[in-house]
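[1] this is a predicted model, with the sequence first.
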Amino acid sequence: MLFRIVSLASTALVLMAASLPQTGPIPEQKPDQEQARPNDEPPIPAEKPASSSQKPAVPTEKPEIQPEEQTTGQTPGPPLPTLSIAPESDEEHQTCLKELTALGATFKEIPRIDDGHGCGIDKPIALASPLPNIDLKPEGKMRCEAALALAHWMKESVIPSAAALDNGKVVTINQASTYVCRLRNNATTGKISEHARGNAIDVASFTFENGKTIAIEPRREDPTLTGAFQRAASASACLYFTTVLDPESDAAHETHFHLDVIERNGGFRYCH
């Protein structure tokens with residue numbers, strides 16, 4: 001009986017095998033990705049499904065910034081504006097020259113300066129010495145009004161203040177700039193400097209009879225007589241000049257006094 005059951009099972013398996021196809025489906029061959037892609041094309045990364053909470057990728061390298069964007073963000077404009085030279089009254093100029101001569105200054109009148117863009121002086125002078133036995137080095141070109149302010153400041157304030165020092169008399173004013181055609185603080189854009197109009201003098205140091213030179217530098221906390229002398233000179237300058245910038249003003253003036261005679265509405269003065 002058992003032999004018959006086994007025989008029937010074997011017969012069923014043979015019949016089932018006969019009803020199936022002789023060969024199964026051949027799996028489709030995947031294309032060779034390295035051959036299908038051009039040799040110079042990098043492998044294509046697998047894409048991840050987009051997610052509403054996924055943040056956009058942050059670039060690892062910063063975009064290149066052009067030089068003008070690093071400073072102002074704008075392309076620099078023309079170096080100097082187009083302006084005209086302010087005319088000076090003959091009468092006022094002659095009055096100024098007479099007063100300057102009476103103080104003992106050494107100077108000469110020079111031809112009108114016109115360097116374009118509003119740079120120039122209608123009636124310039126070349127100042128060699130604002131007072132007897134006090135030289136301006138190097139000789140400076142400026143308007144008479146600026147020279148006169150310098151002479152009065154030296155005579156009435158700087159020389160008396162220097163008397164407290166044990167250096168003898170002031171013999172030289174060492175200037176860093178008088179007339180020069182440029183914008184304020186040597187910038188590439190902005191307003192024209194008072195130096196470009198002959199109204200300004202930059203004083204870098206004073207030299208004394210004993211050969212000592214006192215340089216203009218930050219001295220707000222200097223407790224010595226030298227510090228007191230510089231602070232007195234800076235404070236008194238506003239009695240004669242309409243603009244006074246000293247080493248405490250900003251980094252651009254750490255090595256000199258900027259003194260100018262610009263005219264402002266209402267006689268306003270800026271002293272810092």
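    Perfect, thanks for sending it.
[2] C-alpha only now, for contacts and for neighbours.
    Will do.
[3] where exactly do the strands run in the stretch 101-250 of the chain?
    106-109, 113-116, 119-121, 124-129, 135-137, 140-143, 170-177, 200-208, 213-215, 243-245 (DSSP state E, counting those that start in this stretch).
[4] need the ones you listed in JSON lines (columns: mean pLDDT and distance to Leu100).
    Below are the strands of the stretch 101-250 of the chain laid out as JSON lines (pLDDT from 0 to 100; distance: least, CA to CA, whole Å):
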{"stretch": "strand 106-109", "mean pLDDT": "98", "distance to Leu100": "9"}
{"stretch": "strand 113-116", "mean pLDDT": "95", "distance to Leu100": "21"}
{"stretch": "strand 119-121", "mean pLDDT": "97", "distance to Leu100": "18"}
{"stretch": "strand 124-129", "mean pLDDT": "98", "distance to Leu100": "10"}
{"stretch": "strand 135-137", "mean pLDDT": "98", "distance to Leu100": "14"}
{"stretch": "strand 140-143", "mean pLDDT": "98", "distance to Leu100": "12"}
{"stretch": "strand 170-177", "mean pLDDT": "98", "distance to Leu100": "17"}
{"stretch": "strand 200-208", "mean pLDDT": "98", "distance to Leu100": "16"}
{"stretch": "strand 213-215", "mean pLDDT": "98", "distance to Leu100": "26"}
{"stretch": "strand 243-245", "mean pLDDT": "97", "distance to Leu100": "21"}
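[5] turn those into CSV, including mean neighbour count and distance to Leu225.
    As requested, those are exported to CSV (neighbours: other CA atoms under 10 Å; distance: least, CA to CA, whole Å):
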stretch, mean neighbour count, distance to Leu225
strand 106-109, 16, 30
strand 113-116, 15, 41
strand 119-121, 25, 38
strand 124-129, 22, 26
strand 135-137, 18, 23
strand 140-143, 26, 29
strand 170-177, 20, 15
strand 200-208, 22, 14
strand 213-215, 17, 11
strand 243-245, 23, 21
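[6] can you list the ones you listed in a markdown table and add distance to Ser236?
    Below are the strands of the stretch 101-250 of the chain laid out as a markdown table (distance: least, CA to CA, whole Å):
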| stretch | distance to Ser236 |
| --- | --- |
| strand 106-109 | 24 |
| strand 113-116 | 31 |
| strand 119-121 | 27 |
| strand 124-129 | 20 |
| strand 135-137 | 19 |
| strand 140-143 | 21 |
| strand 170-177 | 16 |
| strand 200-208 | 14 |
| strand 213-215 | 17 |
| strand 243-245 | 10 |
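[7] tell me which of those sits nearest to Thr189.
    strand 119-121 (14.9 Å; CA to CA).
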